[in-house]
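In: need coordinates for the following:
(one chain, ligands or ions: 1)
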Amino acid sequence: MHRRKIIAANWKMNKSISAAETFAREFSRRSDLADACDIVIIPPFFSVRPVADTLAGTQIHVGAQDLHWEASGAFTGEVSAAMLQDAGATYVIVGHSERRHLMGESDAVVAKKLAAALRASLIPILCVGETLAEREAGRQTGVVERQLTTAFEAVDERAAAPTVIAYEPVWAIGTGRTASAEDAVAMHRAIRDWMQTRFGETAAAVARIQYGGSVNPDNAAELLAREDIDGLLVGGASLDAGSFAAIAGAVPAA
Ligand code: PEP
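Out: Here you go, the predicted structure:
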């Protein structure tokens with residue numbers, strides 16, 4: 001089963017609007033990279049529209065880093081799926097570990113956000129992953145399965161289909177410590193097995209599972225060479241257009 005790889009840039013809380021536009025202008029010169037894979041730029045909320053406008057006419061997608069599950073209302077500081085679409089986003093990250101661990105987002109909240117994104121036809125990038133203590137205790141697969149079980153609890157096979165899953169071991173995010181390709185592959189297989197049990201063989205075969213955690217131009221090719229790794233979610237190394245282009249350029253020819 002051929003799955004098109006997907007390379008996403010999570011800028012987190014970085015870049016002014018003008019710095020975001022400069023990146024998008026520079027990166028649009030490498031829009032040929034989107035022939036070989038799906039590319040998604042995920043800036044802070046206020047730069048979604050400027051980045052989408054700058055990339056208009058290319059095949060490069062724009063996403064957002066979070067959403068609220070309600071459509072509108074008294075939720076100060078929050079942003080809905082419809083607002084993100086209005087700004088030009090087609091993807092949204094759901095359940096990033098920084099939101100789970102720094103902002104206290106529970107599995108149940110992640111589930112509501114996933115359902116809201118899917119209802120609105122935003123493509124969710126659902127992040128799952130264990131902490132270092134959980135890995136050292138040998139609990140990594142159980143933790144990821146629990147996160148998946150809760151996130152997809154109220155979602156049926158058809159609704160779930162567009163979801164991209166990002167396996168991001170918490171201990172590898174922003175630490176310079178990458179999971180070995182073997183460890184990443186083992187977890188990606190466990191995630192695909194879970195998908196098969198929950199949604200069936202076809203859904204599992206087409207589901208795209210990214211790896212994220214200290215990816216850079218030097219380790220991208222080794223990860224992307226693995227059949228089980230369907231793409232990368234990149235934080236720090238995505239802030240520079242040249243570095244992110246080198247990562248996207250490491251996608252092997254289909
Ligand atoms: C991320 O933010 O999803 C991430 C993987 O960050 P980094 O690449 O900086 O580890």
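In: sec struct for the closest residue to residue 161 other than its chain neighbours, please.
Out: The shortest distance from residue 161 to any non-neighbouring residue, by CB to CB, 6 or more residues apart in numbering, is to residue 203 (6.4 Å). Glycine gets a C-beta too; all of them are placed from N, C-alpha and C. Three-state call for residue 203 (DSSP: H, G, I helix; E, B strand; the rest coil): helix.
In: can you name the residue of this structure nearest the ligand?
Out: Closest residue of the chain to the ligand, CB to the nearest ligand atom: residue 235 (2.1 Å).
In: for that residue, list the residues it contacts.
Out: 10, 11, 12, 173, 174, 212 (CB atoms under 8 Å, 6 or more residues apart in numbering).
In: where does the residue nearest the centre of the chain fall, secondary structure wise?
Out: In the chain, the C-alpha nearest the mean C-alpha coordinate belongs to residue 125, at 3.9 Å (CA atoms, centre = their mean). Taking DSSP states H and E as the criterion, residue 125 maps to strand 123-128.
In: one more: residue 20?
Out: helix 17-28.
In: now that helix - C-alpha only, PDB.
Out: The C-alpha coordinates for helix 17-28 follow below in PDB (Å, rounded to 0.1, in the frame of the first residue of the first chain):
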ATOM      1  CA  ILE A  17       3.700  38.000  10.900                       C
ATOM      2  CA  SER A  18       6.400  39.500   8.700                       C
ATOM      3  CA  ALA A  19       8.900  36.700   9.600                       C
ATOM      4  CA  ALA A  20       6.200  34.200   8.700                       C
ATOM      5  CA  GLU A  21       5.500  35.900   5.400                       C
ATOM      6  CA  THR A  22       9.300  36.000   4.600                       C
ATOM      7  CA  PHE A  23       9.500  32.200   5.300                       C
ATOM      8  CA  ALA A  24       6.500  31.500   3.100                       C
ATOM      9  CA  ARG A  25       7.900  33.700   0.300                       C
ATOM     10  CA  GLU A  26      11.300  31.900   0.500                       C
ATOM     11  CA  PHE A  27       9.700  28.500   0.800                       C
ATOM     12  CA  SER A  28       7.300  29.000  -2.100                       C
END
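In: that one: which residues count as buried?
Out: 20, 21, 23, 24, 27, 28 (16 or more other CB atoms under 10 Å).
In: can you name the two of those residues that sit furthest apart?
Out: Greatest spatial distance in these: 20 and 28, 12.4 Å, computed using CB to CB.
In: all set now, cheers.
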